[in-house]
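[1] Need coordinates for the following:
(one chain, ligands or ions: 1)
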Amino acid sequence: MYLYNFVRGLLKIYFFQNLDVNKFIEAPINKFNMELLEGIYTRRSIRKYKDEKLSDHQIHSLLKAGMQAPSAMNCQPWHFIVIREKNKLQEIMNIHPYAQMLKDADVAILVLGDTKLEHGQGYWVVDCGAATQNILLAAHGMGLGAVWIGIQPREARKEAFKELFNLPPHIMPFALVSVGFPAEEKPAVDRFAPGKVHYEEWKEK
Ligand SMILES: Cc1cc2nc3c(=O)[nH]c(=O)nc-3n(C[C@H](O)[C@H](O)[C@H](O)COP(=O)(O)O)c2cc1C
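    Coordinates of the predicted model:
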C-alpha cells in the first residue's frame, strides 16, 4: 500500500508539471476567444478608402475566410468573383445606387450562390450570408475596411448583375463586398438589446 501511494504521488507530480492545463488549453482558448469577440464587437461598415492596394495574400485570406463559413450539409454552394478593374467597378456603380463607395475601393468581391450545389431550395442564400459575414470580419481583423453591398433578394439587381457578369442561370449574385484600406474610423456600437432575448419560449415584452 505504501509503495502504491508513493508511485501514485510521483505520477501526480509528473502529470501536474507536464500537463499544465491552464498553460496548454484554457489560456490560449480564452485569449483567442477574446480577440475574435473584439473583432465581432468592433466591426463597422467602412465606405471610405485610402489609395492603397491590397496584396494578393490579403485577397487570398479574404476568400479563404469566406470559404471557411458553415453551410448546410457542408455543400459550400458559393463562388467568388474578384473585381479590381476600375471600368468594371464603375459599371457596378451604374447599376447599383448604394455602391458609390466603389470609386475608391481597391477590390470588390462578388459573392455568388450556386443552385446546383446547394443542399435544398433556398439554402444558397443562407450559406452565402455566412460566407459574406466571414469576409467582412476577416477584413476587419486584417485592418482593412469593408462593407456589404446588397443584391439578394432584389430581383432587378440580381438580373442586372447576372447580365453584367455573364452568369449562367444556376449562378446567383448574392452580395458584393467592397474592400480597401480604411480612410475613416467608426466607433464600436453596442447593439445588445435585452428586449430581444427570450428564454425557453416566446414572451411578449
Ligand atoms: C443585406 C445587407 C445589405 C446591405 N446593403 C448595403 C448597400 O447596398 N450599401 C451600403 O452602403 N451598405 C449596405 N449594407 C450595410 C448596412 O447598411 C450596415 O451593415 C448597417 O447600417 C449597420 O452598420 P455597420 O455595418 O457599420 O455596423 C448592407 C448590409 C446588409 C446586411
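
[2] neighbours around the nearest residue in space to A72 that is not next to it in sequence, how many?
    Leaving aside its sequence neighbours, A72 sits nearest to H119 (Cβ to Cβ, 6 or more residues apart in numbering; 3.9 Å). Where C-beta positions appear, they are placed from N, C-alpha and C, glycine not excepted. The local packing of H119 (other Cβ atoms under 10 Å) involves 15 other residues.

[3] Just give the number of residues close to K116.
    K116 has 11 neighbouring residues, counting by other Cβ under 10 Å.

[4] cool, and I151?
    22.

[5] Please apply the same query to E201.
    Neighbourhood size, E201 [other Cβ under 10 Å]: 5.

[6] Look at it and tell me its secondary structure.
    On the three-state scheme (DSSP: H, G, I helix; E, B strand; the rest coil), E201 is labelled coil.

[7] For F192, see how far away it is.
    In this view, E201 and F192 are 21 Å apart by Cβ to Cβ, to the nearest Å.

[8] what pairs with L110 across the strands?
    Following DSSP bridges, L110 is listed with bridge partners I81, L176.

[9] list the contacts for it?
    By Cβ atoms under 8 Å, 6 or more residues apart in numbering, the residues touching L110 are 80-81, 83, 161, 165, 173, 175-176.

[10] List just the nearest of those residues to the ligand.
    Closest approach between the contacts of L110 and the ligand, by Cβ to the nearest ligand atom: A175, at 6.5 Å.

[11] Counting neighbours, what do you get for the closest one?
    Counted with other Cβ under 10 Å, A175 comes out at 22.

[12] That one contacts W148, correct?
    Yes. At 5.6 Å, A175 counts as touching W148 under the criterion of Cβ atoms under 8 Å.

[13] Provide a list of residues in contact with the residue nearest to A72.
    Taking Cβ under 8 Å, 6+ apart, we find H119 in contact with 71-73, 75, 77.

[14] I'd like to know which of the contacts of L110 are buried.
    Among the contacts of L110, those classed as buried by 16 or more other Cβ atoms under 10 Å are 80-81, 83, 161, 165, 173, 175-176.

[15] how about a markdown table for those residues, with pLDDT and distance to the ligand added?
    Formatted as a markdown table, the buried ones among the contacts of L110 follow (pLDDT from 0 to 100; distance: Cβ to the nearest ligand atom, whole Å):
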| residue | pLDDT | distance to the ligand |
| --- | --- | --- |
| F80 | 99 | 17 |
| I81 | 99 | 17 |
| I83 | 98 | 15 |
| F161 | 98 | 12 |
| F165 | 98 | 17 |
| P173 | 98 | 13 |
| A175 | 99 | 7 |
| L176 | 98 | 8 |
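
[16] CSV for the contacts of L110, including distance to P182?
    Putting the contacts of L110 into CSV (distance: Cβ to Cβ, whole Å) gives the following:
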residue, distance to P182
F80, 22
I81, 23
I83, 19
F161, 26
F165, 27
P173, 25
A175, 20
L176, 18
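
[17] I'd like to know how many residues surround L164.
    Other residues lying near L164 total 16 when counted by other Cβ under 10 Å.

[18] Equivalent analysis for Y49, please.
    The number of residues packed near Y49 is 24, by other Cβ under 10 Å.
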